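>>> Generate coordinates for the sequence data below:
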Amino acid sequence: MKDLAALKLLPSLLFLAIVFAWQPTWATSAALRADLTHVDSGRGFTNGELLRRMAARSTARAASLRYSSSARPGDASKAEAVTVPVARGNTDTEYYGSEYLIHFGIGTPRPQPVALSLDTGSDLIWTQCGCIVCFDQPFPVVDTSASATVRGLSCTHPLCRSGGGLPLSGCAADDNFCFYVYAYADQKVTTGKIMEDTFTFQAPNGTGVAAVPSLRFGCGVYNTGSFISNESGVAGFARGPLSLPSQLQVTSFSYCLTAIADGTTSPVFLGTPDSLQAQATGPIQSTPFAPGPAGSLFYYLPLEGITVGKTRLPFNASAFAPKDDGSGGTIIDSGTSITNFPQAVFDSLQEAFVAQMPLPVANNSDGRLCFAAISSSSTAADPRKVRVPKLILHLDGADWDIPRENYMLHVQDVDGTGAGDGLCLVIDSSGVDDGFTIIGNFQQQNTHIVYDLEANKMSFAPARCNKL
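Coordinates of the predicted model:
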């Protein structure tokens with residue numbers, strides 16, 4: 001099977017070329033800032049449409065991560081392992097794209113814009129350039145010939161050798177250039193050359209710019225898969241050596257995701273922000289990152305239990321910890337929309353909500369747990385004013401009290417018949433009892449989340465993200 005996958009990628013391996021001299025990576029302790037935009041922001045979708053789109057992307061992402069747990073992201077031999085289920089509704093291929101796009105510039109003297117999917121589950125940074133086979137994007141691909149500071153990476157460099165960080169790389173025939181093939185478990189593939197150039201970000205205070213030289217990225221010339229039309233590549237933020245935080249040698253990074261419905265940009269900080277207390281609306285809490293399987297790039301969390309309203313669900317830490325075979329575990333992921341729990345946990349969680357919600361269960365054509373906005377007197381109720389049970393994730397040393405709007409969504413026409421509004425639970429099942437628990441970005445809205453790489457912990461606080 002591995003040989004078959006490699007053969008399928010042979011066309012990619014024909015498109016190589018690179019190289020100049022290598023320069024050491026620049027390091028900084030100051031925080032750099034970039035803007036994030038959500039892929040559905042400002043596109044006029046209703047809450048119901050947003051929910052269906054998020055659910056479809058989450059299902060695809062969860063399937064991808066499940067298979068990635070048995071192989072390092074980028075391993076082309078695992079690229080054909082996933083069959084992505086299709087959710088009900090208008091689930092075109094655009095559904096299976098990115099979540100949050102990070103915006104910055106590459107090259108000098110005129111930085112060329114890129115919009116890369118921020119991915120805490122992989123480590124390669126790449127964007128389209130010198131295209132042979134590429135997907136559509138809304139602005140020109142990067143033209144490396146227009147940059148005065150671009151350099152290539154020799155295939156004799158340790159990064160290009162076995163164990164150097166690239167799962168599949170080598171020298172092009174009869175030259176000294178490094179090429180790569182990087183495959184994702186959902187069958188996306190990028191092939192090209194490893195380059196170095198100057199990246200331009202916002203200054204820490206959001207005004208002016210900060211230029212960082214000699215950062216490595218993939219110049220993707222052959223890129224296939226379910227990419228969407230408003231991105232140009234992927235920015236890996238995982239633990240590997242190729243990720244943006246690793247190359248910047250920052251001790252932490254953080255983001256604060258604004259509400260998707262607001263349509264505003266969200267800040268990401270590379271380096272320690274001035275103060276986690278800035279615009280915080282609640283207490284700052286911390287939890288250590290949990291150990292994961294050997295070689296994993298994911299950020300695992302020590303989830304110990306879940307409370308819904310007055311009910312502590314009957315699952316202890318072992319239900320959320322990695323298994324000996326590498327399955328299971330709890331990760332926080334920027335690329336998954338909706339939090340996923342193992343099937344048994346999900347079933348128990350739904351039962352707890354049904355038992356405690358003051359509204360009747362509504363028939364929902366998408367199979368999601370929703371509640372009709374009808375009071376006990378059979379009159380219409382304002383769903384935004386209905387009291388709902390709390391949802392608390394119990395972590396080692398912290399209790400994450402998820403804001404109501406981050407798990408219970410007001411949806412018009414809740415049953416698809418025009419009968420009225422209601423509330424829908426924005427939590428999903430992994431579909432299997434031994435699957436990942438994935439903390440998705442919808443549950444992270446308006447929460448400043450700091451990945452403290454030096455102390456190996458995550459800190460978080462509710463915040464006014466649109467004020468940062």
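
>>> Pull the contacting residues for Phe436.
By Cβ atoms under 8 Å, 6 or more residues apart in numbering, the contact list for Phe436 reads Ala62, Leu65, Arg66, Ser69, Ser327, Gly328, Gly329, Thr330, Ile331, Asn340, Ser430. Just so you know, the C-beta spots here come from the backbone N, C-alpha and C atoms, and that holds for glycine as well.

>>> how about the nearest residue to the first one, chain neighbours excluded?
Right, the one you point to is Ala62. Spatial nearest neighbour of Ala62, excluding adjacent residues (Cβ to Cβ, 6 or more residues apart in numbering): Asn340 at 5.0 Å.

>>> who touches the one you found in this structure?
Shown in contact with Asn340 (Cβ under 8 Å, 6+ apart): Ser58, Ala62, Phe346, Ile427, Asp428, Ser429, Ser430, Gly435, Phe436, Thr437, Ile438, Gly440.

>>> May I have the beta-bridge partners of the fifth one?
In other words, Asp428. Assessed by DSSP bridges, Asp428 has beta-bridge partners Asn340.

>>> thinking again about what came up before, what distance do you get for the residue nearest to Ala62 to Ala461?
As judged by Cβ to Cβ, to the nearest Å, Asn340 and Ala461 stand 24 Å apart.

>>> Please apply the same query to Lys385.
Counting by Cβ to Cβ, the gap from Lys385 to Ala461 is 26 Å.

>>> neighbour-wise, which of these two wins?
The neighbour comparison of Lys385 against Ala461 (other Cβ atoms under 10 Å) goes to Ala461, with 20 against 7.

>>> quick one on the thing from earlier: quick check: the gap between the residue nearest to Ala62 and Thr59.
Note on Asn340: its distance to Thr59, by Cβ to Cβ, is 9 Å.

>>> joint contacts of these two?
Jointly contacting Asn340 and Thr59 under the rule Cβ under 8 Å, 6+ apart are Asp428.

>>> What residues does Gly208 make contact with?
Gly208 touches Gln202, counting by Cβ under 8 Å, 6+ apart.

>>> Model confidence score at Ser41, please.
Looking at Ser41, its pLDDT is 72.

>>> if you skip the residues just before and after it, what's nearest to it?
Gly263 (4.8 Å).

>>> can you count the residues close to the one you found?
Counted with other Cβ under 10 Å, the neighbours of Gly263 add up to 14.

>>> continuing past the helix or strand containing Val345, what's the next helix or strand?
Per DSSP states H and E: Val345 is located in helix 343-356. Scanning forward in sequence from helix 343-356 by DSSP H and E, the next helix or strand is strand 361-362.

>>> can you give me how far stretch 139-151 is from the chain middle?
27 Å (Cα atoms, centre = their mean, to the nearest Å).

>>> Could you list the buried residues of that stretch?
Buried residues in stretch 139-151, counted by 16 or more other Cβ atoms under 10 Å: Val141, Val142, Thr144, Ser147, Val150, Arg151.

>>> if you skip the residues just before and after it, what's nearest to the third one?
Pointing back at Thr144 there. Thr144 sits nearest to Val150 (Cβ to Cβ, 6+ apart), 4.8 Å away.

>>> Now flag whichever of the contacts of Asn340 is closest to Pro360.
Distance to Pro360, by Cβ to Cβ, is smallest for Ile427 among these, at 19.1 Å.

>>> Local confidence estimate at the residue nearest to the closest one when sequence neighbours are not counted?
Among residues not flanking Ile427 along the chain, Thr339 sits closest, at 5.5 Å (Cβ to Cβ, 6+ apart). Model confidence at Thr339, expressed as pLDDT, equals 95.

>>> what's the spacing between Arg312 and Glu99?
Arg312 is 31 Å from Glu99, where distance means Cβ to Cβ.

>>> So the two - more neighbours on which side?
A direct count of neighbours by other Cβ under 10 Å for Arg312 and Glu99 places Glu99 higher, at 25 against 13.

>>> right, and Phe54 touches Ile338 too?
Actually, residue 54 is Met rather than Phe. Yes - the pair Met54 / Ile338 is scored as a contact, 5.5 Å apart, by Cβ atoms under 8 Å.

>>> Touching both of these two, which residues are there?
With Cβ under 8 Å, 6+ apart as the test, Met54 and Ile338 both reach Val426, Phe442.

>>> Show me which of those two is the more surrounded one.
Met54 (27 against 23).

>>> what about the spatially closest residue to the more buried one that is not a sequence neighbour, neighbour count?
The spatial neighbour of Met54 that comes closest, neighbours along the chain excluded (Cβ to Cβ, 6+ apart), is Ser337 at 3.7 Å. Using other Cβ under 10 Å, Ser337 has 29 other residues around it.

>>> is it true that Ser337 touches Phe442?
Yes - assessed by Cβ under 8 Å, Ser337 is found in contact with Phe442 at 5.4 Å.

>>> number of nearby residues for the residue lying closest to Leu395 once chain neighbours are set aside?
Leaving out its chain neighbours, the residue that sits closest to Leu395 by Cβ to Cβ, 6+ apart is Thr287, at 4.1 Å. For Thr287, the neighbour count with other Cβ under 10 Å is 21.

>>> Thr287 and Leu453, how far apart?
Relative to Leu453, Thr287 is positioned 14 Å away (Cβ to Cβ).

>>> Show the model's pLDDT score for the residue most central in space within the chain.
Centroid check for the chain by Cα atoms, centre = their mean gives Gly335 as the closest residue, at 1.9 Å. In this model, Gly335 is scored at 85, pLDDT.

>>> same thing with the one 10 residues further on?
Per-residue pLDDT puts Val345 at 97.

>>> gap between the residue nearest to Ser41 and Phe45?
Look at Gly263 and Phe45: by Cβ to Cβ, they are 11 Å apart.

>>> Strands of the stretch 351-468 of the chain, start to end?
Remark: strands assigned in the stretch 351-468 of the chain by DSSP state E, counting those that start in this stretch are 361-362, 370-372, 391-395, 398-402, 408-411, 422-425, 428-429, 437-439, 447-452, 457-462.
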